[in-house]
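Engineer: Here you go, sequence then predicted model.
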Amino acid sequence: MSWTENPPVVVVLARHFNPSIFNPVWLAKHGILNETGDYKPDSVFTGQLVQVVTDDFVLVVTNDQMQFILLASPERHSVLIEEKVGTLIRKLPEVPYRAVGLNFNWHNALDANRLAEETRQLFAGRTDGIYSCFTEPNARFGAYLSKDFGPFRMKLDVKPILVEMEGVKGDRIQFAFNFHHDLPAERNAPDALFDLIGQWNAVRTETVKTIKTVGFREQL
């Protein structure tokens, strides 16, 4: 099976958000929703939590973070982020922003009979030491990797997981990427945030480049 990209997420952390501001009228006024303020019935608007569900994205706001979950096709992601997240940042310059994270999640479906062999070769490559305790056919392996990537700290958590789709459970290897940047208090946070989310395409390209090195027979 091929690689599957799960909905990526932009996370903006702040010392305090006011979720009650994010009501349908205000969101429509500033172009986050369309002029008629359309959103899906499973949306939620309270003083402590806002969850706005549309065909293209889900916007979640709590007291300390804002999540923008992308449901549209990848070629539209950067434009949506600029138009929606960028607008929210510009309209709320008084918010004490403290960090941003760009998050990507990829799955590769492997036959259960191959999972032990593939993950051992990728992340262990040996059978001595601690690995001598994990020689059974049902053993699974993963890894945590990190490095600097531009202004971000890139973190990659790889591990086997079991997912259920349409009532059927299946083995997957999950590649969870996080590109994190802390905002120093002395910087102009809205401008800095706008620049950081503007690097979305470069960051996603790095995730694709990374998983292509894995060497599974399945292709992107």
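Structural biologist: Thanks, I have it. This structure is a prediction, so every number in the text was calculated from the model and none was measured.
Engineer: so what's Tyr97 up against?
Structural biologist: Val12, Leu13, Ala14, Ile89, Leu183, Ala189, Pro190, Leu193 (C-beta atoms under 8 Å, 6 or more residues apart in numbering). C-beta coordinates here come from the backbone N, C-alpha and C atoms, glycine included.
Engineer: Look at the residue in the chain sticking out farthest from the centre and report its pLDDT.
Structural biologist: The centre of the chain is farthest from one residue, Asp128, which by C-alpha atoms, centre = their mean lies 35.4 Å away. Per-residue pLDDT puts Asp128 at 82.
Engineer: what about Pro137, which SS state?
Structural biologist: Of the three states, Pro137 takes coil under DSSP: H, G, I helix; E, B strand; the rest coil.
Engineer: List the residues that contact it.
Structural biologist: Ala116.
Engineer: And it, how far from Gln121?
Structural biologist: 14 Å (C-beta to C-beta, to the nearest Å).
Engineer: Helices of this protein, start to end?
Structural biologist: Listed in chain order, the helices of the chain (DSSP state H) span residues 24-29, 77-80, 86-91, 112-123, 189-197, 200-212.
Engineer: now those in TSV, with mean pLDDT and mean neighbour count?
Structural biologist: As requested, the helices of the chain are exported to TSV (pLDDT from 0 to 100; neighbours: other C-beta atoms under 10 Å):
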stretch	mean pLDDT	mean neighbour count
helix 24-29	93	15
helix 77-80	96	17
helix 86-91	95	18
helix 112-123	78	16
helix 189-197	92	18
helix 200-212	95	16
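Engineer: what about this protein, any weak spots by pLDDT?
Structural biologist: 1, 37, 186-187, 215-220 (pLDDT under 70).
Engineer: hmm, back to that, for Phe45, which of the helices of the chain is the nearest?
Structural biologist: Of all these, helix 24-29 sits nearest to Phe45, with 7.1 Å by C-beta to C-beta.
Engineer: Other residues contacting that closest one?
Structural biologist: Leu33, Asn34, Glu35, Thr36, Gly37, Tyr39, Phe45, Val52.
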